[in-house]
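Visitor: Need coordinates for the below:
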Amino acid sequence: MAEKKVKVAIVGVGNCASSLIQGIYYYKKKGTVDVSGLMHEDIGGYKPWDIEIVAAWDIDARKVGKDVSEAIFAPPNCTAVFEPDVPHMGVKVRMGKVLDGFAPHMKDYPPERTFVLADEKEDELEDVVAVLKETQADVLINYVPVGAEQAARFYAEACLKAGVSFINAMPTFIVSDPEWAKKFEEAGIPVVGDDIKSQVGATIVHRVLTQLFVDRGVKLDRTYQLNFGGNTDFLNMLARERLKTKKKSKTEAVTSLIPYELGWENVHIGPSDWVPWLNDRKIAYIRMEGRLFGDVPMYVELKLDVEDSPNSTGSIIDAIRCAKLARDRGIAGPLYSISAYTMKHPPIQYPDWQAKKMVEEFIRGERER
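Guide: Alright, predicted model coming up:
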């Protein structure tokens, strides 16, 4: 029997790409017995090590032109190295289309903490499409920075033209946009998005606590979630004008569970600052103020401290395999189940317990998408 593979292209060879590629070889070496970190060991016969990286794009001079196995450890990447033995993959990082793929203020910081723009010819749309077809990619993961709206849509368009599934890990609303969703459905392409939701990140923890308040009859009056970290994602987000969709995505992920309006002044959810020495660590502070029986006040305060990129990879590795399973089954358009399970801004929001149940049904073939 032929070996089953999921051929994946990546745009943005940053910390998240590093964690994903390390993870492929980590689980290939360790297997899935007595190893943590996977929400699903097997999805439709696909294991984590069945993922094969076939193409990659970036715009940093320290990554462009290098083998992906080398590029994932190049600065400014700073995530945890849990699998240092990534073999030479024979896949060179190509020069991506710059567009709005970086915030101008990042040039004001030391290059070891930000990026060095490569002086190379950028791949145009037809180049990206040609590579995707030549490599027979099944899926492209969009890891462009927050606020790179034009760049995100550029690669989504390439996927449409190449017949490749698009997984939008960033908060540009594409899969959750009805017009884009219709385009992919009419093209016969399954897609997943938008904005990756980590395994145990600030958003999922905040959602679970919010659902607990609702289920137990506690009226939530106000809440905040303050996030900061030391990777280039947080540095990029110091440009507040790039945060419009990110803030909306994170806020709606929580407020969609509340059956009443809190008022804009009573909810604050979003990235707050960049602390360089934290590297890829992300720290979140969550506070919730509510009223118990008899309108007696109560408060919850929580601090979450995680390595940001591996935390999101636990979700993306399921999204990849579900997208491939949908392709095998001839399913087209947004995959509602895995999008709700792994994304902050899916086409349809569901409580997390329901999204998990829907994913299990999808994997078993009991739900179309």
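
Visitor: drop to CA atoms for contacts and neighbour counts, all remaining ones
Guide: OK.

Visitor: Could you pick out the longest helix of the chain?
Guide: Among the segments of the chain that qualify as a helix by DSSP state H, the longest is helix 308-328.

Visitor: tell me which residues in that one are buried?
Guide: Within helix 308-328, the residues that count as buried by 16 or more other C-alpha atoms under 10 Å are 308-327.

Visitor: Over to stretch 237-244?
Guide: Neighbour-count burial for stretch 237-244, with 16+ other C-alpha under 10 Å as criterion, is recorded at 237-238, 242-243.

Visitor: May I have it exported as CSV, CA atoms only?
Guide: The C-alpha atoms that make up stretch 237-244 are tabulated as CSV, following Å, rounded to 0.1, in the frame of the first residue of the first chain:
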residue,chain,number,x,y,z
MET,A,237,1.7,44.3,16.6
LEU,A,238,3.1,47.4,18.2
ALA,A,239,1.7,49.1,15.1
ARG,A,240,-1.8,49.4,16.4
GLU,A,241,-3.2,50.1,12.9
ARG,A,242,-2.4,46.5,12.0
LEU,A,243,-4.5,45.1,14.9
LYS,A,244,-8.0,45.8,13.7
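
Visitor: Now find how far off-centre that stretch is within its chain.
Guide: Averaged C-alpha coordinates place stretch 237-244 at 18 Å from its chain's average position (C-alpha atoms, centre = their mean, to the nearest Å).

Visitor: just the strands in the stretch 51-200 of the chain please.
Guide: Counting by DSSP state E, counting those that start in this stretch, the segments of the stretch 51-200 of the chain that form strands are 51-58, 93-95, 139-142, 165-168, 190-193.

Visitor: which one of the ones you listed is the most hemmed in?
Guide: The highest average neighbour count among these, using mean count of other C-alpha atoms under 10 Å, belongs to strand 190-193 at a mean of 32.

Visitor: just to revisit the earlier point, which of the buried residues of stretch 237-244 sits closest to residue 31?
Guide: When the buried residues of stretch 237-244 are ranked by distance to residue 31 (C-alpha to C-alpha), residue 237 comes first, at 36.7 Å.

Visitor: hmm, back to that, which residues touch the longest helix of the chain?
Guide: Contacts to helix 308-328, defined as C-alpha atoms under 8 Å, 6 or more residues apart in numbering, come from residues 6, 15-16, 19-20, 37-40, 43-44, 46, 48, 79-80, 138-139, 165, 167, 169, 189-192, 196-201, 280-282, 332, 335, 338-339, 342, 363, 369.

Visitor: Quick check on those: which are buried?
Guide: 6, 15-16, 19-20, 38, 40, 43, 46, 48, 79-80, 138-139, 165, 167, 169, 189-192, 196-201, 280-282, 332, 335, 338-339, 342, 363, 369.

Visitor: Now do residue 212: how many residues are near it, please.
Guide: Summarising burial for residue 212: neighbours were counted as other C-alpha atoms under 10 Å, giving 12.

Visitor: buried residues in stretch 354-369?
Guide: Buried residues in stretch 354-369, defined by neighbour count with 16+ other C-alpha under 10 Å: 355-356, 358-360, 362-363, 368-369.

Visitor: Same list, these, but as TSV with secondary structure, distance to residue 220 and pLDDT please.
Guide: Shown next, in TSV, are the buried residues of stretch 354-369 (DSSP: H, G, I helix; E, B strand; the rest coil; distance: C-alpha to C-alpha, whole Å; pLDDT from 0 to 100):
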residue	secondary structure	distance to residue 220	pLDDT
355	helix	23	97
356	helix	25	97
358	helix	28	98
359	helix	29	98
360	helix	31	97
362	helix	33	98
363	helix	35	97
368	coil	36	92
369	coil	33	92
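
Visitor: Out of the residues you listed, flag the one nearest to residue 346.
Guide: Residue 346 lies nearest to residue 355 out of the buried residues of stretch 354-369, by C-alpha to C-alpha, at 10.8 Å.

Visitor: thinking the closest one is in contact with residue 344, fair?
Guide: No. Applying C-alpha atoms under 8 Å as the test, residue 355 and residue 344 come out as separate, 12.0 Å apart.

Visitor: related to what we said a few turns ago, return the distance of the longest helix of the chain from the chain's centre.
Guide: Here helix 308-328 is found 9 Å from its chain centre; the criterion is C-alpha atoms, centre = their mean.

Visitor: tell me the mean pLDDT for it?
Guide: For helix 308-328, mean pLDDT is 97.

Visitor: and if you look at stretch 78-94?
Guide: The model assigns stretch 78-94 a mean pLDDT of 97.

Visitor: What of stretch 34-50?
Guide: According to the model, stretch 34-50 has a mean pLDDT of 92.

Visitor: got it, and stretch 21-30?
Guide: Stretch 21-30 shows a mean pLDDT of 96 in the predicted model.

Visitor: now it, how far from the chain's geometric center?
Guide: The gap between the average C-alpha position of stretch 21-30 and the chain average comes to 19 Å, counting by C-alpha atoms, centre = their mean.

Visitor: cool, and stretch 140-160?
Guide: Offset of stretch 140-160 from its chain centre (C-alpha atoms, centre = their mean): 12 Å.

Visitor: Buried ones in it, by neighbour count?
Guide: For stretch 140-160, the neighbour count (16+ other C-alpha under 10 Å) marks 140-149, 151-160 as buried.

Visitor: how long is that stretch from one end to the other?
Guide: Using C-alpha to C-alpha, to the nearest Å, the end-to-end distance of stretch 140-160 comes out at 11 Å.

Visitor: same deal with stretch 274-285?
Guide: Between the opening and closing residues of stretch 274-285 there is a gap of 14 Å (C-alpha to C-alpha).

Visitor: Outside of it itself, which residues are in contact with it?
Guide: 15, 78-80, 113, 202, 224-231, 234-235, 238, 301-309.
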